[in-house]
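**Q** Need a 3D model of the sequence below.
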Amino acid sequence: MSSSSRKELGAASIGNFGEIFDFAVFAFSVPILSVHFFPGSDPTAALLNTFAVYAVALFARPMGGLFFGYLADRIGRVRVLTLTIWLIAASTALIGLLPTHESIGVYAPILLVICRVGQGLAIGGETTSSTSYILEAAPDGHRGRWVGIIWFWAMVPNAVVALLLLVLKLAVGEAAYSDWVWRVPFLLGGLIGVVGFWLRRNLEEPAEFTEAKKQAATGDPLAAVSRSGLRSMLYVACIQPTQTVGAYLLAGFMYSFLVREAGLSSTAALLCNAIGILALAFTIPLSGRLSDRFGRKRLLTVGAIWITLTAYPCVSLAGSGSLTAVIFGQVLFAVGVGLYSGATFPAVAELFPTSFRATGHAISYQLLVAIFGGTTPFIATWLIRATGDVASPAYYVTFMGLLGLALVQLIPETNNVNLRTAVGSTSQKVPKVVQQAAS
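**A** Residues are numbered from 1 along each chain as shown. The predicted model follows:
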């Protein structure tokens, strides 16, 4: 891999790392934030309130995705990537500085919601722009591998945050951490934004985007999406929900589940969940590479079957409270989510032509993540409370796995499709020599 390729991958990856780092800090801090920002209610209600605030950022994602995705198609991927990394850094650092409910009353959760909206707007633009940038910069036949690499760095922060919180708690003790040290990870998220800006300051636009821009110099991306992108957005709706529910069950819900339902200490829960998330992260680039060789649909099919078969064992084993069972269940499930994810991320971007890729991707992908990702921890928590069955979240995930398995069969194969043209059919492909290069 050339130095230029490493620079492109590194600059895109640091943004994904920073964005998900900041989201992960919030997810892992839900039990503590519920105490500081929603006191006075019963613990379950406080937890549900905090998960609702967690979901706010996910619902801000489509707005951020649409705004920044439109800009990315109009003014370029690189300029937008510079803007989004500053926004996420500022929003996250501010959470670390917020006064709590004890200090300013109801204004504390209001300010928390405002900061989460800022995070959501930024991540909506970041994930869409970075995926579009890397997809267009990748060599022919290796798009899945390149996209898998940047999404590896988007998943790793969940494990990094878990380990960081573990170290901080061991260093200062549970009492001090709950009192004020919980703010430190949020402040560190702001520093990551500075590093990301430094890495991105001299990036150049991919040649694919530059050439497509010349051909569609007067085109409006939003108008083009409304005319030509509806079918592609429906295809995204076939693919994305299964990936989102699986990933957010593991990375957004499981830690709180292990503490509240399995009875693990916060330290043990962080460590076990970090191992599961690392398994997910390492599987994604492997799946991306395999999807370059065998096609996106095959990997999506295998991943959907795996998710369907392992959702119940994962939640049941996690609920047992045995460390070995908890780790095994999460890793088993994470591999399936990783196989599905590694094909999902390039496919949902390849479904749109270069001229309005970021806009089309933002509208469909970010909206679906908001609906299914933002609500997964809430739904999982509600199911347990409503049924009294700690394994009940597994039924929801199993259903989504089966649904994804059926819907994936309806989409076209996007591997080796010409990026410049819309995926109305799979006839628009690069020459066979490129397909051979992937193998």
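**Q** and residue 417, what are its phi and psi?
**A** Residue 417 adopts backbone torsions of phi -70, psi 140, taken as degrees, to the nearest 10.
**Q** hang on, I meant residue 139
**A** When read as degrees, to the nearest 10, the backbone of residue 139 gives phi -70, psi 150.
**Q** and it, how many neighbours does it have?
**A** Per other CB atoms under 10 Å, the neighbour tally for residue 139 reads 13. Using the backbone N, CA and C atoms, a C-beta is placed for each residue, glycine as well.
**Q** For residue 162, see how far away residue 192 is.
**A** From residue 192 across to residue 162, the span is 16 Å (CB to CB, to the nearest Å).
**Q** quick one: which of these two has more around it?
**A** residue 162 (25 against 22).
**Q** Next one, pLDDT for the closest residue to that one other than its chain neighbours please.
**A** Of all residues not flanking residue 162 in the chain, residue 274 sits nearest, at 3.7 Å (CB to CB, 6 or more residues apart in numbering). Residue 274 is assigned 87 on the pLDDT scale.
**Q** contacting residues for residue 274?
**A** Each residue near residue 274 by CB atoms under 8 Å, 6 or more residues apart in numbering is listed here: 158-159, 162-163, 166.
**Q** same deal with residue 187?
**A** By CB under 8 Å, 6+ apart, the residues touching residue 187 are 93, 96-97.
**Q** Which secondary structure state does it sit in?
**A** Per DSSP: H, G, I helix; E, B strand; the rest coil, the secondary structure class of residue 187 is helix.
**Q** Residue 224 now?
**A** helix.
**Q** Wait, it touches residue 357, no?
**A** No: at 10.3 Å, residue 224 does not count as touching residue 357 under the criterion of CB atoms under 8 Å.
**Q** So for the two, which sits in the more crowded spot?
**A** Neighbour totals were compared for residue 224 and residue 357, and residue 357 leads with 33 against 19 (other CB under 10 Å).
**Q** ok, residues contacting the helix or strand that one falls within?
**A** For residue 357, the element it lies in under DSSP states H and E is helix 357-361. The contact list for helix 357-361, computed with CB under 8 Å, 6+ apart, reads 65-66, 68-70, 72-73, 77, 80, 128-129, 131-132, 135-136, 221-222, 224-225, 229, 232-233, 236, 348-349, 351-352, 419.
**Q** same question, stretch 223-243
**A** 216, 300, 303-304, 307, 337, 340-341, 344, 347-348, 351-353, 355-356, 359-361, 363-365, 368-369, 371-372, 400-401, 403-405, 407-408, 410-412, 422-424.
**Q** and what of stretch 168-183?
**A** Contacts of stretch 168-183 (CB under 8 Å, 6+ apart): 29, 32-33, 35-36, 96-97, 165, 184-185, 266-267, 270.
**Q** Tell me which residues of that stretch come out buried.
**A** The neighbour-count check on stretch 168-183 (16 or more other CB atoms under 10 Å) flags 168-169, 177-178, 181-183 as buried.
**Q** Buried among the contacts of stretch 223-243? Make that a PyMOL selection.
**A** To isolate the buried ones among the contacts of stretch 223-243 in PyMOL, judged by 16+ other CB under 10 Å, type:
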select buried, resi 216+300+303+304+307+337+340+341+344+347+348+351+352+353+355+356+359+360+361+363+364+365+368+369+371+372+400+401+403+404+405+407+408+411+412+422+423
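**Q** Next step: the contacts of stretch 223-243 restricted to helices.
**A** Taking DSSP state H, the ones among the contacts of stretch 223-243 that sit in helices are 300, 303-304, 307, 337, 340-341, 344, 347-348, 359-361, 368, 400-401, 403-405, 407-408.
**Q** on that earlier part again, so of the buried residues of stretch 168-183, which two are at opposite extremes in space?
**A** Farthest-apart pair in the buried residues of stretch 168-183 is 169 and 183; separation 13.6 Å (CB to CB).
**Q** May I see the contacts of residue 187 arranged in CSV, with secondary structure and distance to residue 8 as well?
**A** Conversion of the contacts of residue 187 to CSV gives the following (DSSP: H, G, I helix; E, B strand; the rest coil; distance: CB to CB, whole Å):
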residue, secondary structure, distance to residue 8
93, helix, 27
96, coil, 31
97, coil, 34
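**Q** Let's see if you can find the most crowded of those residues.
**A** Neighbour counts for the contacts of residue 187 peak at residue 93, which has 20 neighbours (criterion: other CB under 10 Å).
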